[in-house]
Each structure stands twice: as C-alpha cells, then as structure tokens.
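Engineer: Provide a 3D model corresponding to the input given below.
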Amino acid sequence: MRETPQNESPDSSDTPDFEAMTRDIAEVPAVEVIVTVAVNLMSAAAVKLGLTEEGDKHKDLDEARKLVHALAGLLDAGATEVSSFHAAPLRDGLKSLQLAFREASLIPDEPGQGPGEKYTGPVYG
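Structural biologist: Just a heads-up that it's a prediction; the model follows:
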C-alpha cells in the first residue's frame with residue numbers, strides 16, 4: 001500500500017470503513033461474539049497442536065499452550081453469560097484440546113498444571 005501525501009485524501013478502498021464495521025458489530029449479540037472468539041481460539045489451538053491435515057507443519061506447543069489457556073479463561077469468565085446450549089460444546093472442545101496437548105507433550109504437565117487447568121481443574125483422559 002502506498003503512502004498518501006498530506007494534500008491527497010486516501011482512496012476509500014485503502015482504508016477500512018470503521019463506521020460500517022462499528023454498525024455491524026453493534027448488531028451482533030454478545031453471546032455470538034463470545035462464541036465466535038472461542039471457536040477462533042479453538043481452531044488456532046488445533047493448528048498449533050498439529051491436529052489439522054497438515055499435521056506437524058504448524059505444530060508449536062508453546063503457542064498452543066497460550067491459546068488453550070486463553071480459551072479456558074474466556075469460557076470460565078463467560079460461563080454465566082452464555083447458555084448451556086453454547087457452553088457445553090465449547091467446554092467439550094476445550095477438554096479435547098487439553099487432552100491433545102497432554103498427549104503431544106514430551107514431558108507432560110502435572111495434573112492441574114496443564115494449559116487452562118487453572119480454570120477447569122485437572123483434565124484426565
């Protein structure tokens with residue numbers, strides 16, 4: 001993207017339409033935002049755990065730990081804000097990621113010390 005000289009206004013295709021973005025976000029219920037963020041964290045964690053078709057190509061357990069921990073924190077904080085209809089599958093997905101992390105680790109964490117277990121308690125297979 002080229003820099004816009006001071007005397008020239010930026011091309012509308014080069015700048016985000018923040019007003020439209022704000023209007024779009026304003027129409028989305030909070031539960032939907034929370035669930036969307038949780039699903040994005042789950043997807044990113046799965047990639048970093050090597051659980052995609054490309055397997056170990058993007059595997060990075062340090063990054064996966066951070067993502068799983070953030071997901072657990074979000075689900076813990078948002079538990080009272082989302083219905084069990086939304087929360088149950090997210091908790092199941094989190095547990096699956098925690099178990100996958102434990103299996104992928106060369107030196108497994110002690111029970112209760114794995115990613116997100118601060119919020120969920122120890123996770124066992």
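
Engineer: separation between residue 120 and residue 19?
Structural biologist: Distance, residue 120 to residue 19, using C-beta to C-beta, to the nearest Å: 40 Å. Any C-beta I mention is one placed from the backbone N, CA and C, and that applies to glycine too.

Engineer: Comparing those two, which residue is more hemmed in?
Structural biologist: Shown here are residue 120 and residue 19; by other C-beta atoms under 10 Å, residue 120 has more neighbours (18 against 8).

Engineer: Count the neighbours of the residue nearest to the more buried one when sequence neighbours are not counted for me.
Structural biologist: Closest residue in space to residue 120, ignoring its immediate chain neighbours: residue 72 at 5.6 Å, by C-beta to C-beta, 6 or more residues apart in numbering. When counting by other C-beta under 10 Å, one arrives at 24 neighbours for residue 72.

Engineer: Pull out the buried positions in the helix or strand harbouring residue 72.
Structural biologist: Residue 72 belongs to helix 61-78 when assigned by DSSP states H and E. By neighbour count with 16 or more other C-beta atoms under 10 Å, helix 61-78 contains the buried residues 61, 64-72, 74-75, 78.

Engineer: Show me what that helix packs onto, helices and strands only.
Structural biologist: Applying 3 or more C-beta pairs under 8 Å, 6 or more residues apart in numbering; DSSP states H and E, we find helix 61-78 packed against helix 30-48, helix 84-104, helix 117-120.

Engineer: Residue 46 and residue 85: what is the separation?
Structural biologist: The value you get for residue 46 to residue 85, if C-beta to C-beta is used, is 22 Å.

Engineer: correction: residue 29
Structural biologist: Counting by C-beta to C-beta, the gap from residue 29 to residue 85 is 13 Å.

Engineer: Now do the helix or strand where residue 19 lies and helix 30-48, the angle between them.
Structural biologist: According to DSSP H and E, residue 19 maps onto helix 18-26. Interaxial angle, helix 18-26 versus helix 30-48 (axes from the mean of the first three to the mean of the last three C-alpha atoms, to 10 degrees): 100 degrees.

Engineer: who touches helix 18-26?
Structural biologist: The contact list for helix 18-26 (C-beta atoms under 8 Å, 6 or more residues apart in numbering) reads residue 33.

Engineer: Now do that helix: distance to the chain's middle.
Structural biologist: The gap between where helix 18-26 is centred and where its chain is centred comes out at 22 Å by C-alpha atoms, centre = their mean, to the nearest Å.
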